[in-house]
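# Show me how the following folds:
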Amino acid sequence: MEIKTIDAAANPYLASALVLEAARIGIAESMALPDEVARDPAALAPHGVERLPTGIPTLLPLLEASPVAVRALGPDILSAFTAVRSREHATFGEEQLSRVCERLRFAWTT
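Here you go, the predicted model:
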């Protein structure tokens, strides 16, 4: 199975925990995998297939309400993660990418 919804901005450990928990639930509940999507998923919108939501203000409440996320990460890690992402968005959400890069370039160096 290929997971295409994770990008380089994701925390690989948290993303892996979520994928593994979803897989565990699928196995425990004997869920079948969906059919293979052998073409550009964006081209499926006219056929009634909805794209995943985008944007931190839309995504974080969905993540916080997900029982899979709560079970995979635990409430403390999930709360910390969403607080950090909310703060990042509040601080940098409207900034030009070049400005964000400039501001964070040396943030974690000594």
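
# can you give me the end-to-end distance of stretch 53-70?
End-to-end distance for stretch 53-70: 19 Å, by CA to CA, to the nearest Å.

# do the same with stretch 68-80
Using CA to CA, the end-to-end distance of stretch 68-80 comes to 16 Å.

# residue ranges for the helices of this protein, please.
Assigned by DSSP state H, the helices in the chain fall at 12-28, 56-64, 67-73, 75-92, 97-104.

# Quickly compare these and say which is most buried.
Neighbour counts (mean count of other CB atoms under 10 Å) averaged over each of the helices of the chain peak at helix 67-73, with a mean of 17. For the C-beta atoms, the positions are set from N, CA and C on the backbone; glycine is no exception.

# chain center to it: distance?
13 Å (CA atoms, centre = their mean, to the nearest Å).

# Verify the contact between residue 70 and residue 78 for me.
Yes. The pair formed by residue 70 and residue 78 meets the contact definition of CB atoms under 8 Å, at 6.0 Å.

# Show the pLDDT at residue 110.
Listed pLDDT for residue 110 reads 64.

# just use 208 as the starting number from now, easier for me
Shifting the count to begin at 208 puts that one at residue 317.

# so where is this protein shaky, pLDDT-wise?
208, 317 (pLDDT under 70).

# Look up how far residue 303 lies from residue 268.
Residue 268 is 26 Å from residue 303, where distance means CB to CB, to the nearest Å.

# If you could redo that for residue 240, that was the one I meant.
Using CB to CB, residue 240 is found at 41 Å from residue 303.

# before we move on, what about residue 218?
Separation of residue 218 from residue 303 (CB to CB): 24 Å.

# Which of the two has more residues huddled nearby?
The neighbour count for residue 218 versus residue 303, taken as other CB atoms under 10 Å, is higher for residue 218 (13 against 9).

# Give me the distance between the more buried one and residue 246.
In terms of CB to CB, residue 218 sits 30 Å off from residue 246.
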